[in-house]
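1. predicted model and sequence below, questions to follow.
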Amino acid sequence: MSSGNETWLAEAQRELSPRKLEKQIALASAACSVFGREGYARASVDALAAAAGVSTRTLYNHFPGGKADLFRTVVIWTSGEVRDAQLALLRALVDPGRPPRPEELERDLIALARAFVGLMADHPNHFALVRHIHAEADHVPPEVLAAWKDAGPGPVGRALAETMAGLAAAGLLDLHGDAAMAAAHFMALTSHSIVQLSHYGVLPLPKEQTDRLIEAGVLAFVRAYRAG
């Protein structure tokens, strides 16, 4: 289960018997709720086992590394789900192979930002996990942090940078030679304040406020990066 380029579920399907796979999915699903609520440091092995309706011995049989192994599995699993959703949205809404007309650029970027922000409501347990990862980074094992970045933020950031480079090649953006920085600025301007104000979706903002923040962020991005 070491690869961040494939989802945990795909790897597990290859490696485990159907019965053992079903048990691990049940354990991981229950653990996702516990970790999302309690965070990594506060979640105990006893609580994780109880949530899944198994003994601690059974938990260790499936995850020999205990809590760290289970947390890493959950993070890779949920990050893979969100990553795949983000990449699908990116392909569907902003395709450099079919670039928008200049007057449509702002519209398409707003649609992308809205869709990305909307994933917090679709994957609440994942974003609760991410909230705890940021808050407890000094308590989360370094290999778990690395696995999370490899499974989710890394591939999405690279794909967004490639999209920005494609829009630049189409003559719509001037990235000043740094597509990765432009991608980071896009995310910061369109989602950072919403993530912070909503506490990673725990307390959703009114739609009007979300729309206003996204539209203002895209406008600032386009003003900074529009070609010509």
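-> Thanks, I have the structure now.
2. now residue 225, nearest residue through space, not along the chain?
-> Distances taken as Cβ to Cβ, 6 or more residues apart in numbering put residue 173 closest to residue 225, at 4.8 Å, once the chain neighbours are dropped. Every residue, glycine included, has its C-beta placed from N, CA and C.
3. quick check: the one you found vs residue 99, distance?
-> In this structure, residue 173 and residue 99 are 10 Å apart, going by Cβ to Cβ, to the nearest Å.
4. for the lengthiest helix in the chain, the distance to its chain's centre please.
-> When the chain is parsed with DSSP state H, its longest helix is helix 66-93. Chain-centre distance of helix 66-93: 6 Å, with Cα atoms, centre = their mean, to the nearest Å.
5. which other helices and strands contact it?
-> Judged by 3 or more Cβ pairs under 8 Å, 6 or more residues apart in numbering; DSSP states H and E, helix 66-93 is in contact with helix 8-15, helix 18-42, helix 45-52, helix 56-62, helix 105-122, helix 124-135, helix 142-151, helix 153-169.
6. indicate which one of those is closest to residue 216.
-> helix 105-122 (10.3 Å; Cβ to Cβ).
7. coming back round to it: which neighbours do residue 173 and residue 99 share?
-> With contacts defined as Cβ atoms under 8 Å, 6 or more residues apart in numbering, the residues adjacent to both residue 173 and residue 99 are residue 167.
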